[in-house]
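*Asks:* Got a sequence here, can you build the structure:
(one chain, ligands or ions: 1)
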Amino acid sequence: MKLVDELNQREFDGLYRVRRTIDSYQGPLVVIDDEEYLNFSSNDYLGLANNEVLKASMIAAIEAYGVGAGSSQLVVGHSTPHKMLEKRLAEFLNRDAALVFSSGYLANLAIASVLIDSNTIILQDKLNHASLIDAAQLSKGRLVRYRHSDINHLKFLLEKYKNNNLVVMTDGVFSMDGDFAPIVEIAKLCKTYDAFLIVDDAHGLGVLGDTGAGLLELQKLDQLQVPLLIGTFGKSFGGCGAFVSGSALHVEAFIQKARTYIYTTAMLPSLAAAMTQAIDLVENAGELRQNLFRLIKLYKELMQDAKLEASESGSHIQPLIIGNANKTVELSESLYKNKLLAAAIRPPTVAKGTSRLRLSFTAAHNKEQVARLVRAIKNNLDEQ
Ligand SMILES: Cc1ncc(COP(=O)(O)O)c(C=O)c1O
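*Replies:* Alright, predicted model coming up:
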């Protein structure tokens with residue numbers, strides 16, 4: 001199909017993406033074309049993206065280290081802020097070592113060149129984030145997907161492929177559904193079948209666990225049970241960039257072999273300094289986490305009062321499943337007219353027939369804003 005026809009078809013199917021330009025910093029309220037919008041689409045779960053301490057730390061590091069890193073990490077791009085961030089991360093996550101990447105997408109792709117050979121079967125949850133799927137597809141191994149959070153299916157596949165090298169990859173908190181992987185059971189199965197377990201907890205870090213160390217902290221799983229943990233700084237930490245963390249051996253293997261580490265410019269040193277500071281903020285954000293979970297509870301109660309079906313997710317990611325892509329876009333557009341941002345998520349990001357609004361709650365929202373969201377959803381659905 002010609003490119004122009006393909007794009008036209010996308011528009012017809014309700015799958016065309018349009019970017020909105022935000023004229024302000026990120027927060028519960030953002031400005032677009034001089035109008036204020038209530039934002040329920042951000043991953044800035046702890047409200048740190050415009051935090052004064054982080055801004056000051058980044059500005060100070062710009063004064064000391066300038067703007068660009070100058071090269072990739074293995075040439076001359078590895079600077080003191082990167083080294084300090086890695087040390088602080090390892091301590092925060094209670095792991096031997098950590099390695100900083102320029103983005104979560106790149107950190108996940110790195111797995112393809114480091115841990116997978118042609119004899120590897122990569123077992124992945126059906127709802128894993130695209131970057132995990134792409135890692136497997138770019139690798140020399142074979143991708144096999146198990147039904148979402150279905151432990152029996154995973155066990156069946158582990159048994160079937162037990163003569164291969166086995167790698168299991170899962171999101172911790174699923175990015176579009178907000179539910180948690182049954183990680184304790186998965187870790188047990190991986191031990192039984194000697195499969196290497198990789199968890200990407202991009203959305204759990206900062207939000208879950210007493211110190212914000214994510215789903216693994218919540219479920220009390222350590223490096224022996226989950227040898228590789230991946231996370232990003234683009235969500236709860238209020239910045240961008242990412243890391244892999246695990247044993248010294250595994251981290252060294254990423255330094256030596258990861259193509260998306262070796263062949264890309266290092267993260268801005270100033271950002272590395274700010275993210276080191278962000279770990280302190282995340283660790284001490286117990287009250288913010290409590291506030292966030294109070295808001296989620298309120299959302300669920302208000303949805304019930306309004307006789308609307310909220311998802312089963314108990315987390316800060318709340319999908320409102322509409323099904324049809326065009327109808328989802330219609331609802332998102334109507335909310336936009338009411339000065340509310342609630343992004344329509346459609347295929348290929350989610351499966352066909354499961355288009356949804358992906359509502360994300362942050363510790364920076366307040367009760368009145370949640371109430372306004374539910375009122376607007378109710379009014380717009382009633383009118384549709
Ligand atoms: C589970 C998961 N992993 C990785 C990523 C990619 O991270 P980054 O935005 O840092 O590239 C995302 C989303 O952005 C995600 O949801």
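
*Asks:* List the residues that contact residue 288.
*Replies:* Contacts for residue 288 (Cβ atoms under 8 Å, 6 or more residues apart in numbering) come out as 46, 47, 363. Where you see a C-beta, it was placed from the backbone N, CA and C, and this is true even at glycine.

*Asks:* quick check, it in a strand?
*Replies:* No: according to DSSP: H, G, I helix; E, B strand; the rest coil, the state of residue 288 is helix, so it is not within a strand.

*Asks:* How about the contacts made by the closest residue to residue 174 other than its chain neighbours?
*Replies:* Sequence neighbours aside, residue 127 is the residue nearest to residue 174 in space, at 5.2 Å (criterion: Cβ to Cβ, 6 or more residues apart in numbering). By Cβ under 8 Å, 6+ apart, the contact set of residue 127 is 148, 171, 174, 176, 177.

*Asks:* And those, which of them are buried?
*Replies:* Among those, those classed as buried by neighbour count (16 or more other Cβ atoms under 10 Å) are 148, 171, 174, 176, 177.

*Asks:* how about stretch 100-116, does it reach the ligand?
*Replies:* Yes: Stretch 100-116 is in contact with the ligand by Cβ under 6 Å from any ligand atom, via 103, 104, 105, 108.

*Asks:* quick one: which of those residues sit in helices?
*Replies:* 104, 105, 108 (DSSP state H).

*Asks:* of the residues of stretch 100-116 next to the ligand, buried ones?
*Replies:* By 16+ other Cβ under 10 Å, the residues of stretch 100-116 next to the ligand give 103, 104, 105, 108 as buried.

*Asks:* what's near enough to touch the second one?
*Replies:* Going by Cβ under 8 Å, 6+ apart, residue 104 touches 131, 200, 202, 230, 231, 232, 234, 242.

*Asks:* What of residue 273?
*Replies:* 57, 58, 60, 61, 65, 81, 84, 85.

*Asks:* secondary structure class for residue 144?
*Replies:* Classified using three-state DSSP, residue 144 is strand.

*Asks:* same deal with residue 356?
*Replies:* Per three-state DSSP, residue 356 ends up strand.

*Asks:* you'd agree it is up against residue 331?
*Replies:* No: using Cβ atoms under 8 Å, residue 356 is not in contact with residue 331, being 9.6 Å away.

*Asks:* want to try a markdown table for the ones in helices among the residues of stretch 100-116 next to the ligand, with pLDDT as columns?
*Replies:* Below are those laid out as a markdown table (pLDDT from 0 to 100):
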| residue | pLDDT |
| --- | --- |
| 104 | 98 |
| 105 | 98 |
| 108 | 98 |
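
*Asks:* Let me know the closest of those to residue 157.
*Replies:* residue 108 (20.6 Å; Cβ to Cβ).

*Asks:* Excluding sequence neighbours, find me the nearest residue to that closest one.
*Replies:* Nearest to residue 108 is residue 131, by Cβ to Cβ, 6+ apart, at 3.9 Å.

*Asks:* and that neighbour, what helix or strand is that in?
*Replies:* Assigned by DSSP states H and E, residue 131 belongs to helix 130-138.

*Asks:* now the angle from that helix to strand 142-146?
*Replies:* With axes from the mean of the first three to the mean of the last three Cα atoms, to 10 degrees defining the directions, helix 130-138 sits at 140 degrees from strand 142-146.

*Asks:* and helix 130-138, what other elements does it pack with?
*Replies:* helix 104-114, strand 120-125, strand 142-146, strand 165-171 (3 or more Cβ pairs under 8 Å, 6 or more residues apart in numbering; DSSP states H and E).

*Asks:* How is this structure partitioned into domains?
*Replies:* 16-46+286-383, 52-283 (automatic domain parsing).

*Asks:* The first one: end-to-end distance?
*Replies:* So that's domain 16-46+286-383. With Cα to Cα, to the nearest Å as the measure, domain 16-46+286-383 spans 24 Å from end to end.

*Asks:* for the longest one, same thing?
*Replies:* Domain 52-283 has an end-to-end distance of 17 Å (criterion: Cα to Cα).

*Asks:* all strands for the protein, in order.
*Replies:* Assigned by DSSP state E, the chain shows strands spanning 29-32, 35-39, 97-101, 120-125, 142-146, 165-171, 196-200, 228-232, 242-246, 317-323, 340-341, 344-345, 355-360.

*Asks:* how about the CA coordinates for the fourth one, as CSV?
*Replies:* Same thing as strand 120-125. Extracted in CSV, the C-alpha atoms of strand 120-125 (Å, rounded to 0.1, in the frame of the first residue of the first chain):
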residue,chain,number,x,y,z
THR,A,120,17.3,-18.8,23.4
ILE,A,121,13.5,-19.0,23.8
ILE,A,122,12.2,-15.6,25.1
LEU,A,123,9.0,-16.0,26.9
GLN,A,124,7.0,-12.8,27.3
ASP,A,125,3.6,-11.7,28.6
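
*Asks:* how about CSV for the ones in helices among the residues of stretch 100-116 next to the ligand, with distance to residue 156 added?
*Replies:* CSV is the format used below for these (distance: Cβ to Cβ, whole Å):
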residue, distance to residue 156
104, 30
105, 30
108, 25
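
*Asks:* Looking at those residues, spot the one nearest the ligand.
*Replies:* Here the nearest of these to the ligand, counting by Cβ to the nearest ligand atom, is residue 104; it sits at 2.3 Å.

*Asks:* No more questions from me, cheers.
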